[in-house]
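A.B. asks: Just a sequence and a predicted model for now, questions to come.
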Amino acid sequence: MIKLLLLFCFAFILFASDELSVGEKKEDKKTTIYSVQLFAEKNIEKAKIRVDKVPQNIKNEITLHNIGNYIVGRYTQNESYRSMKQNLEKIHQAGYRDAYIIESTDWDMKNNLVFDGTNEEKKQVAQKQDSNPKISKFDKSDILLKANNAYQNGDETGAMLYYEMLLASGYENQKIKNNLCYLYGKKGAWFQAKSTIESERYQGNLLYAYAYGAVQNNQENYYNDMLAYIAVDGSGKLMMLTGYYFEKKDDMQRAASFYKMAYEKNPSDVYNIFSYARVLDMEQNAQARGLYRDILNRVNDSHPLYATIQKRVRELGE
């Protein structure tokens, strides 16, 4: 039986931008700080309303920070990632399932703070603050390199922070948005991803990026979060990813149903064809071989699926 092999065409490869100049820079020493990000709102008034609805034992440690065009609510801060994971569990138990840990510095936490419940002066500053903070080309290059290093070293939380900083500075780049939505998906942070996706008028690739990350990390809320978009996705990609989601949960009946729907929605996509062919193969349906051959006719021998499908075709015989 052909093994599970779902390879997708998302460009989640970190990159260096030709638009940014890179040079040497002497950095100030800054202490790494971790915090739990609960929500994001487009203005401070809405953010304060969100804070008012938070349980009292959590509210006392919430601060609001200006990040680009958003006011984000963060719960407590600590230099220990391990301690912050315990705080994240507390927040999840309080009902904030989209919350996730962010990495920042003591300097950033202080300088983008707009409200801590006690400092009236900071509240007033928030009303006047520029929603698009100025960051030099040099700083953008530095942040981009840090994002690359964080991602490559497996520090997904750090990479998310740097991507958010770049977008907040007005640096528009589709790869950054794709990568960020993918990482949001891995964290199950649908609320944060939705804000980015909405800004692009629900551009398909960002939805797919989020969905792929969520399925890859077995996020339980994936299906409920994506339900409104699955049926209207003309490419069939969300249906195919949903099939993968149910297959990973060992629910092959529902997986097969979504794989079939993905194929019917877009029978020209080789991954949709492959997913449906696998279903037929498992059912020992002779049509599977024909679909495998169809894929081989559409791709060359450098395609990720080619060798596996060619092998399976030989196993099935003439």
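C.D. replies: Yep, it's here. Numbers count the residues shown, from 1 in each chain.

A.B. asks: just the helices in the stretch 101-250 of the chain please.
C.D. replies: Taking DSSP state H, counting those that start in this stretch, the helices of the stretch 101-250 of the chain run over residues 106-111, 120-128, 137-152, 156-168, 174-187, 190-199, 204-216, 222-230, 237-248.

A.B. asks: Pipe the ones you listed into a markdown table and attach mean pLDDT, distance to Glu315 and mean neighbour count per row.
C.D. replies: To be clear about C-beta, it is placed using only N, CA and C from the backbone, and glycine gets the same treatment. Converted to a markdown table, the helices of the stretch 101-250 of the chain look like this (pLDDT from 0 to 100; distance: least, Cβ to Cβ, whole Å; neighbours: other Cβ atoms under 10 Å):
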| stretch | mean pLDDT | distance to Glu315 | mean neighbour count |
| --- | --- | --- | --- |
| helix 106-111 | 80 | 56 | 14 |
| helix 120-128 | 42 | 65 | 12 |
| helix 137-152 | 78 | 37 | 17 |
| helix 156-168 | 83 | 38 | 22 |
| helix 174-187 | 88 | 34 | 23 |
| helix 190-199 | 80 | 40 | 19 |
| helix 204-216 | 89 | 28 | 24 |
| helix 222-230 | 89 | 33 | 16 |
| helix 237-248 | 93 | 21 | 24 |
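
A.B. asks: Which among these is found nearest to Tyr96?
C.D. replies: Closest to Tyr96 of the helices of the stretch 101-250 of the chain is helix 190-199 (Cβ to Cβ; 9.1 Å).

A.B. asks: helices and strands around that closest one, which ones?
C.D. replies: On a contact count with 3 or more Cβ pairs under 8 Å, 6 or more residues apart in numbering; DSSP states H and E, helix 190-199 meets strand 32-41, helix 174-187, helix 204-216.

A.B. asks: Tabulate the helices of the stretch 101-250 of the chain (JSON lines), appending distance to Lys59.
C.D. replies: Output for the helices of the stretch 101-250 of the chain, formatted as JSON lines (distance: least, Cβ to Cβ, whole Å):
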{"stretch": "helix 106-111", "distance to Lys59": "18"}
{"stretch": "helix 120-128", "distance to Lys59": "16"}
{"stretch": "helix 137-152", "distance to Lys59": "31"}
{"stretch": "helix 156-168", "distance to Lys59": "24"}
{"stretch": "helix 174-187", "distance to Lys59": "23"}
{"stretch": "helix 190-199", "distance to Lys59": "19"}
{"stretch": "helix 204-216", "distance to Lys59": "29"}
{"stretch": "helix 222-230", "distance to Lys59": "26"}
{"stretch": "helix 237-248", "distance to Lys59": "35"}
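
A.B. asks: Which of those sits closest to Leu38?
C.D. replies: helix 190-199 (9.1 Å).
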